[in-house]
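A.B. asks: What follows is a predicted structure for the sequence shown.
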Amino acid sequence: MKHALIVGAGPAGLMAADTLSAAGVRVTVCDAMPSVGRKFLMAGKSGLNLTMDEPFDALLPNYGDSAEWLRPILRDFEAGAVQAWARGLGQDIFTGSTRRVFPRAMKASPLLRAWLARLAEQGVTLRPRMRWQGWDAAGDAVFNGPDGTEHIPSDVTVLALGGKSWSKLGADGAWAPVLETAGAPVSPFASSNAGLSVQWTGHMNRHFGSALKAVRWQAGPPQSRGEAVLSARGLEGGGIYALSPALREGAALSVDLVPDLTKEQLTGSKAPAKGRTLAHWLKSTLRLPPVKSALVFEMAGDKRGNRDDWPRLVRNLPVRHDGFLPMDEAISTVGGVPMAGVNDELMLRAVPGVFCAGEMLDWDAPTGGYLITACLATGRHAGLGALRYLEAAA
């Protein structure tokens, strides 16, 4: 029986293991952590958004510059397939009001237990506490394990080692120098779906924990209607995360605090009245919550202009920040193995018989289930590629 080695036990690695073992291949999954799926379980703490209940043509554009690369991969395992996969593991799922799909249990652990049970039935061997170091001269994978250095031979390998955020859960990017030494290209890592660092003045302290709702964020052309929460360190939330690509490119950030008011309303019935202060207009006329009013004074400072400038200020308030919070705190990262480094089946061009999947590939997506969907899809695609490689070598 042919042997497949999977390095990394997140969603991508487990999906590759599932695909190969279901086809009768003997599979060993090694992971550096004491238990599997740690980042997957962390995602489940907020409900485990598996995917978006939307057609393929609506799903694909959310992958931005990566969309065309991922098109054939996602077409073979799109949002409907993710839902069918979860149901196949005995998990009841539902679609929320924003089309986000969740397990009825609203956590990852029941799904992961069912998945691991299926893998066990298919003969998959799980080996935790095995940190991959590369390959020896014979081409066998080298690990630092509980009993020291261990060499594991295989007929094919799938690497699913993650990106470079949440290193305490296993994604530390330590694999990048190993692949570069083997001749594979690796793009620099950068934050995605990350909060922004803001040096607040003292008067903002009482608003920490407050959410900015019913707003429109903008960074260059891209816009987002998501929320963001003020914290002592800055701004975090889906409204900011969605603009990560533009913010990485240096686009200035602004926010429309009254996106549901028309221009005519702002200059007519809601226009600032003579003799009224900015604070009074924000509170009594626009009825902004305290956190929005505070943000106006925080960001505008002494450049609030005269009364005629106020409508433009709330419509397009510049938001100063110091860039992303530390990369290790980002939900995901870009960078890693680029499209040029793998073939259409996600096999490394520099290392035949070695496939890559998940966040170690250089693609990007917002939150909302798009990350998990692509991890599952690339894991399946790499597993199928590995299976075809084995069949061709037989």
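C.D. replies: Done, it's in. Small disclaimer: the values here were computed from a predicted structure and weren't measured. Numbers count the residues shown, from 1 in each chain.
A.B. asks: buried sites along the helix or strand containing A386?
C.D. replies: Assigned by DSSP states H and E, A386 belongs to helix 370-393. Applying a neighbour-count criterion of 16 or more other Cβ atoms under 10 Å, one finds 370-387, 389-390 buried in helix 370-393. C-betas here are computed from N, CA, C, even on glycine.
A.B. asks: Please apply the same query to stretch 202-222.
C.D. replies: Here stretch 202-222 shows M204, H207, S210, L212, V215, R216, W217, Q218, A219 as buried, counting by 16+ other Cβ under 10 Å.
A.B. asks: Quick one: residues in contact with it.
C.D. replies: Outside stretch 202-222, the residues that touch it by Cβ atoms under 8 Å, 6 or more residues apart in numbering are 223-232, 235, 237, 239-240, 242-243, 245-247, 249, 251-257, 259-260, 289-292, 294-295, 297-298, 316.
A.B. asks: still on that earlier bit, want to throw the buried residues of stretch 202-222 into JSON lines with distance to P338?
C.D. replies: As requested, these are exported to JSON lines (distance: Cβ to Cβ, whole Å):
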{"residue": "M204", "distance to P338": "40"}
{"residue": "H207", "distance to P338": "41"}
{"residue": "S210", "distance to P338": "40"}
{"residue": "L212", "distance to P338": "35"}
{"residue": "V215", "distance to P338": "35"}
{"residue": "R216", "distance to P338": "33"}
{"residue": "W217", "distance to P338": "29"}
{"residue": "Q218", "distance to P338": "29"}
{"residue": "A219", "distance to P338": "24"}
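A.B. asks: Filter the contacts of stretch 202-222 down to the buried ones.
C.D. replies: For those, a burial check counting by 16+ other Cβ under 10 Å picks out 223-224, 226-231, 235, 237, 239-240, 242-243, 245-247, 253-257, 289, 291-292, 294-295, 298.
A.B. asks: Please list the members of those that lie in strands.
C.D. replies: When DSSP state E is applied, these are split such that Q223, S224, A228, V229, L230, S231, L235, L253, S254, V255, D256 fall in strands.
A.B. asks: What does the residue lying closest to the last one once chain neighbours are set aside show for phi and psi?
C.D. replies: The spatial neighbour of D256 that comes closest, neighbours along the chain excluded (Cβ to Cβ, 6 or more residues apart in numbering), is R216 at 4.0 Å. Phi and psi for R216, reported as degrees, to the nearest 10, are phi -130, psi 110.
A.B. asks: now R216: how far from Q265?
C.D. replies: 15 Å (Cβ to Cβ, to the nearest Å).
A.B. asks: quick one: pLDDT of the residue nearest to D256?
C.D. replies: R216 is assigned a pLDDT of 98 by the prediction.
A.B. asks: Once you drop chain neighbours, what's closest to G353?
C.D. replies: Once flanking residues are discounted, G353 sits nearest to V156: 5.3 Å by Cβ to Cβ, 6+ apart.
A.B. asks: Let me see the ranges of the helices in this protein.
C.D. replies: 11-22, 38-44, 56-59, 67-75, 79-88, 109-121, 176-181, 238-241, 244-248, 263-267, 278-280, 290-300, 310-315, 370-393 (DSSP state H).
A.B. asks: Need these in JSON lines (columns: mean pLDDT and distance to L348).
C.D. replies: Shown next, in JSON lines, are those (pLDDT from 0 to 100; distance: least, Cβ to Cβ, whole Å):
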{"stretch": "helix 11-22", "mean pLDDT": "98", "distance to L348": "14"}
{"stretch": "helix 38-44", "mean pLDDT": "91", "distance to L348": "23"}
{"stretch": "helix 56-59", "mean pLDDT": "98", "distance to L348": "27"}
{"stretch": "helix 67-75", "mean pLDDT": "98", "distance to L348": "15"}
{"stretch": "helix 79-88", "mean pLDDT": "98", "distance to L348": "26"}
{"stretch": "helix 109-121", "mean pLDDT": "97", "distance to L348": "24"}
{"stretch": "helix 176-181", "mean pLDDT": "98", "distance to L348": "7"}
{"stretch": "helix 238-241", "mean pLDDT": "96", "distance to L348": "30"}
{"stretch": "helix 244-248", "mean pLDDT": "97", "distance to L348": "26"}
{"stretch": "helix 263-267", "mean pLDDT": "93", "distance to L348": "54"}
{"stretch": "helix 278-280", "mean pLDDT": "95", "distance to L348": "59"}
{"stretch": "helix 290-300", "mean pLDDT": "97", "distance to L348": "47"}
{"stretch": "helix 310-315", "mean pLDDT": "95", "distance to L348": "49"}
{"stretch": "helix 370-393", "mean pLDDT": "98", "distance to L348": "10"}
